[in-house]
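Student: Quick one: sequence plus predicted model below, questions after.
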Amino acid sequence: MPRIDEYESEVLTAYDKGELKSIATKAELAKFKAAARATAIKDRRVNIRLSSGDLNDIQVKALEEGVPYQTLIASVLHKYVTGRLRESQEAKHSQGETAKRRPTRRSSGPRA
(Lines give C-alpha, C1' and ligand atoms only; values in the text may rest on other atoms or scores of the structure.)
Protein backbone atom coordinates (compact mmCIF):
# COMPACT_ATOMS: atom_id res chain seq x y z
CA MET A 1 0.00 0.00 0.00
CA PRO A 2 1.45 3.39 -0.95
CA ARG A 3 2.21 5.84 1.85
CA ILE A 4 -0.23 8.69 2.26
CA ASP A 5 0.62 12.26 3.16
CA GLU A 6 -0.94 14.38 5.91
CA TYR A 7 -3.63 15.86 3.65
CA GLU A 8 -4.70 12.44 2.38
CA SER A 9 -4.84 11.20 5.95
CA GLU A 10 -7.14 14.11 6.89
CA VAL A 11 -9.43 13.34 3.95
CA LEU A 12 -9.63 9.65 4.89
CA THR A 13 -10.40 10.53 8.51
CA ALA A 14 -13.14 12.96 7.44
CA TYR A 15 -14.59 10.30 5.12
CA ASP A 16 -14.56 7.67 7.86
CA LYS A 17 -16.39 10.09 10.19
CA GLY A 18 -19.02 10.80 7.51
CA GLU A 19 -18.06 14.46 7.32
CA LEU A 20 -17.78 14.58 3.53
CA LYS A 21 -20.86 15.28 1.42
CA SER A 22 -21.26 14.87 -2.34
CA ILE A 23 -21.79 18.06 -4.32
CA ALA A 24 -22.77 16.23 -7.52
CA THR A 25 -26.27 16.84 -8.84
CA LYS A 26 -28.62 13.97 -9.68
CA ALA A 27 -28.07 14.68 -13.38
CA GLU A 28 -24.29 14.52 -12.96
CA LEU A 29 -24.53 11.27 -11.00
CA ALA A 30 -26.75 9.74 -13.71
CA LYS A 31 -24.24 10.81 -16.37
CA PHE A 32 -21.32 9.29 -14.42
CA LYS A 33 -23.22 6.05 -13.83
CA ALA A 34 -24.09 5.75 -17.53
CA ALA A 35 -20.45 6.37 -18.49
CA ALA A 36 -19.26 3.76 -16.00
CA ARG A 37 -21.75 1.20 -17.31
CA ALA A 38 -20.75 1.85 -20.92
CA THR A 39 -17.07 1.55 -20.03
CA ALA A 40 -17.62 -1.67 -18.09
CA ILE A 41 -19.48 -3.48 -20.87
CA LYS A 42 -17.14 -6.00 -22.42
CA ASP A 43 -18.94 -7.40 -25.45
CA ARG A 44 -16.01 -8.27 -27.74
CA ARG A 45 -13.07 -10.62 -27.38
CA VAL A 46 -9.59 -9.87 -28.74
CA ASN A 47 -6.55 -12.12 -28.86
CA ILE A 48 -3.12 -10.52 -29.01
CA ARG A 49 0.42 -11.82 -28.90
CA LEU A 50 2.83 -10.21 -26.44
CA SER A 51 6.42 -10.91 -25.60
CA SER A 52 6.90 -12.88 -22.39
CA GLY A 53 8.77 -9.94 -20.90
CA ASP A 54 5.98 -7.47 -21.65
CA LEU A 55 3.34 -9.81 -20.26
CA ASN A 56 5.37 -10.36 -17.09
CA ASP A 57 5.81 -6.59 -16.67
CA ILE A 58 2.06 -6.05 -17.19
CA GLN A 59 1.25 -8.72 -14.62
CA VAL A 60 3.60 -7.09 -12.10
CA LYS A 61 2.00 -3.67 -12.69
CA ALA A 62 -1.45 -5.21 -12.31
CA LEU A 63 -0.44 -6.78 -8.99
CA GLU A 64 0.87 -3.40 -7.81
CA GLU A 65 -2.45 -1.78 -8.80
CA GLY A 66 -4.51 -4.62 -7.32
CA VAL A 67 -6.36 -5.42 -10.54
CA PRO A 68 -6.39 -8.42 -12.89
CA TYR A 69 -3.85 -8.00 -15.70
CA GLN A 70 -6.50 -8.24 -18.43
CA THR A 71 -8.42 -5.43 -16.73
CA LEU A 72 -5.25 -3.33 -16.68
CA ILE A 73 -4.67 -3.94 -20.40
CA ALA A 74 -8.29 -3.02 -21.22
CA SER A 75 -8.03 0.12 -19.07
CA VAL A 76 -4.82 1.30 -20.73
CA LEU A 77 -6.28 0.71 -24.20
CA HIS A 78 -9.50 2.52 -23.26
CA LYS A 79 -7.58 5.52 -21.92
CA TYR A 80 -5.46 5.62 -25.08
CA VAL A 81 -8.38 5.54 -27.53
CA THR A 82 -10.33 8.15 -25.53
CA GLY A 83 -7.34 10.51 -25.52
CA ARG A 84 -6.69 10.31 -21.77
CA LEU A 85 -3.38 8.49 -22.19
CA ARG A 86 -0.67 10.22 -24.15
CA GLU A 87 3.01 9.75 -24.78
CA SER A 88 5.33 11.83 -22.64
CA GLN A 89 7.60 14.31 -24.38
CA GLU A 90 10.57 12.24 -23.16
CA ALA A 91 9.20 9.10 -24.85
CA LYS A 92 8.51 10.99 -28.08
CA HIS A 93 12.06 12.34 -28.08
CA SER A 94 13.66 8.94 -27.52
CA GLN A 95 11.48 7.36 -30.21
CA GLY A 96 12.46 10.11 -32.60
CA GLU A 97 16.13 9.32 -31.98
CA THR A 98 15.48 5.61 -32.54
CA ALA A 99 13.54 6.32 -35.73
CA LYS A 100 16.50 8.29 -37.14
CA ARG A 101 18.75 5.25 -36.72
CA ARG A 102 16.29 2.58 -37.88
CA PRO A 103 14.67 2.34 -41.33
CA THR A 104 10.89 2.65 -41.25
CA ARG A 105 8.76 -0.37 -42.00
CA ARG A 106 6.03 0.09 -44.55
CA SER A 107 2.65 -1.28 -43.65
CA SER A 108 0.32 -2.83 -46.17
CA GLY A 109 -2.65 -2.38 -43.84
CA PRO A 110 -3.98 -4.23 -40.82
CA ARG A 111 -2.62 -7.68 -40.17
CA ALA A 112 -4.79 -10.55 -39.03
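Tutor: Received, thanks. Since this is a predicted model, take the numbers as computed values, not measurements. Numbering: from 1, shown residues only.
Student: contacts and neighbour counts: CA atoms only from here.
Tutor: Will do.
Student: And the lowest mean pLDDT element among the helices and strands of the protein?
Tutor: Within the chain, no helix or strand scores below helix 89-101, which has a mean of 67 by mean pLDDT, DSSP states H and E.
Student: can you list the weak-confidence ranges in the chain?
Tutor: Along the chain, the model assigns pLDDT under 70 to residues 1, 39, 95-112.
Student: Where does the residue nearest the centre of the chain fall, secondary structure wise?
Tutor: Closest to where the C-alpha atoms of the chain average out (CA atoms, centre = their mean) is residue 76, at 3.5 Å. Residue 76 belongs to helix 69-81 when assigned by DSSP states H and E.
Student: hmm, who's touching that helix?
Tutor: 58-59, 61-63, 85-86 (CA atoms under 8 Å, 6 or more residues apart in numbering).
Student: please redo it, this time with the cut-off set to 7 Å
Tutor: 58-59, 62, 85-86 (CA atoms under 7 Å, 6 or more residues apart in numbering).
Student: For residue 4, state which of the residues you listed is nearest.
Tutor: Nearest to residue 4 among the contacts of helix 69-81, counting by CA to CA, is residue 62 at 20.2 Å.
Student: ok, back up a step: out of the contacts of helix 69-81, which one sits closest to residue 38?
Tutor: Looking across these and measuring by CA to CA, the closest to residue 38 is residue 85, at 18.6 Å.
Student: Let me know the secondary structure of that closest one.
Tutor: coil (DSSP: H, G, I helix; E, B strand; the rest coil).
Student: Contacts only, for it.
Tutor: residue 79.
Student: how near is the residue nearest to the centre of the chain to residue 85?
Tutor: 7 Å (CA to CA, to the nearest Å).
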